[in-house]
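>>> just the structure for this:
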Amino acid sequence: MDKTKNPNILIILADDMGFLGSKKLKTPNLDALASEGIYCNNAYVTSSVCAPSRAGMLTGRQPQRFGFENNLNRWNESMADRPEFHGLTPGEYTIADHFKNAGYETALIGKWHLGEMEVHHPNNRGFDYFCGMLGGSHNYFPEKGYNRIQRNGKPVTEFSSSYLTDFFTDEGVNWIKDHKDKPWFLFVSYNAPHTPMQAKEEDMALFMDIEYKGRRTYAAMVNALDRGAGRLVETLRREGQLENTLIVFFADNGGATTNHCWRGPYSGSKGNMREGGIHVPMFWYWKGHLKAGRTDAVISSLDLLPTFLAIAKAKPLEAFDGKGKKRHPRVYDGYNVLPVLEGKEPAHTRRLFWRLQGQCCVLNGKDKLIRLSHRTAQFFRPFKDPGERKDLSNENKERTMEMYNLLLKWESGLSTSPHFFTSPYWIGVSAKNYDEYNPVPEPE
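Residues are numbered from 1 along each chain as shown. Here you go, the predicted model:
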């Protein structure tokens, strides 16, 4: 290990994944990292759907600040008056932009889902290397000449592995081997276990004790993801880079109802503001730097950018004004959580906001308020009631109104309206899920 080199940063992101800890799934590599690192009991992402969650994480800013609060899909492309805003807004900096400015090598492997125009392309948003798909999902068995996988803008026609999750892992392993001299930032953005539900036969065979095929397929897809995480860590170990690499693993949003995952003790799912939609599994692993343990601190994906920059001793890029002259600091919404993870500082009292297609939510300390378009606001204390079984709004009317006003104040301070809207499908799905108060048991 080169102790003079700045630390490497590796993000491993799962897509639509439920919680770890299932009795049926086999995730030995992720379990080992979680037990040897710091598991975040109260980790949140910036949205309950894929694209705005990624936009918030990569920019370190609430995506509503720049109009990216809904999901991207084919339905809403024609709804955007300005196509360049149908993706990560021009002028927003990504973690890769900041790191590239600090002298890091940068790479994204896997899913992008932040726009498909040239102005949105990962190679134009700070990533030196990109191999993956620009959209939100993909067939897991890509055929030659019939796939949307590209490498730095050019179609991929040959695959090192027939299964996409393994192929992305191959790309990550090779990229790590080729980058030893300079510090690097690698974002391995798996699309697993997002639909379509497709798995290798040999992975399916490991879960024959699971009777329901949908759940068995999910288990097999997660197994491939776990295998990939293990290979990435083993590559770091063999290349002598493990002790100089911070690894952060988490999911982009809560588990989906469509992929047969288990959402732990939480009610709700992908697409809504209950804990099952925004509360995700997350752990930080840095061998020799972070002691194994758990933290009850509220950690947000917004915290990745400021924490990474602090570790790299790098300053964030600043934005130019409209005339291209005056420089001014940009507002970031997270904070450096490394002192909290190291046990050197107490956890901050957090105030986090969400908004998606008529749903709004605020978490303020131990209190949480959800405001919906089709029913009265709901007030919960999720750290004591993770299933959000008991609506406390009638018992705490004054506090409910305080929380309601926090949401109104936050919304009134946003500088722009949403640049595009999500398919109406999510409105119906979300409304239905709000009526399901109780957590769903782990499928057999």
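>>> wait, Leu414 sits on Phe66?
No. Using C-beta atoms under 8 Å, Leu414 makes no contact with Phe66, being 9.4 Å away. From N, CA and C alone the C-beta is placed, and that goes for glycine too.
>>> show me which of these two is the more surrounded one.
Phe66 (21 against 16; other C-beta atoms under 10 Å).
>>> mind listing what the most centrally placed residue in the chain touches?
By C-alpha atoms, centre = their mean, the chain has its centre lying nearest to Asp252, at 2.6 Å. Shown in contact with Asp252 (C-beta atoms under 8 Å, 6 or more residues apart in numbering): 13-16, 45, 50, 53-54, 57, 280.
>>> now for those residues: which two are most distant?
Comparing all pairs in the contacts of Asp252 by C-beta to C-beta, the longest separation belongs to Asp16 and Met57, at 15.0 Å.
>>> who has more neighbours out of the two?
Using other C-beta under 10 Å, the more surrounded residue of Asp16 and Met57 is Met57, with 28 against 25.
>>> check the more buried one and give its pLDDT.
Listed pLDDT for Met57 reads 98.
>>> how near is the residue nearest to it when sequence neighbours are not counted to Glu158?
Nearest non-adjacent residue to Met57, counting by C-beta to C-beta, 6 or more residues apart in numbering: Ser301, 4.1 Å away. According to C-beta to C-beta, to the nearest Å, Ser301 and Glu158 sit 34 Å apart.
>>> can you check Asn124 too?
Taken as C-beta to C-beta, the span from Asn124 to Glu158 is 25 Å.
>>> looking at the two, which has the bigger crowd around it?
Taking neighbours as other C-beta under 10 Å, Asn124 and Glu158 compare with Asn124 leading, 15 against 5.
>>> can you pull the contacts of that one?
Asn124 neighbours (C-beta under 8 Å, 6+ apart): Glu118.
>>> just the one 4 residues further on next, same as before
Contacts for Asp128 were tallied using C-beta under 8 Å, 6+ apart; they are 100, 105-107.
>>> and it, how far is that from Asn101?
For Asp128, the distance to Asn101 - C-beta to C-beta - is 12 Å.
>>> and what of Pro52?
24 Å.
>>> show me which of the two is the more surrounded one.
Using other C-beta under 10 Å as the criterion, Pro52 and Asn101 rank with Pro52 on top: 30 against 14.
>>> where does that one land in three-state SS?
On the three-state scheme (DSSP: H, G, I helix; E, B strand; the rest coil), Pro52 is labelled helix.
>>> what sits closest to it if chain neighbours are left out?
Pro63 (4.3 Å).
>>> wait, that neighbour touches Asn70, no?
No. Using C-beta under 8 Å, Pro63 is not in contact with Asn70; the gap is 9.1 Å.
>>> wait, is Arg65 part of a strand?
No. Counting by three-state DSSP, Arg65 is located in no strand; its state is helix.
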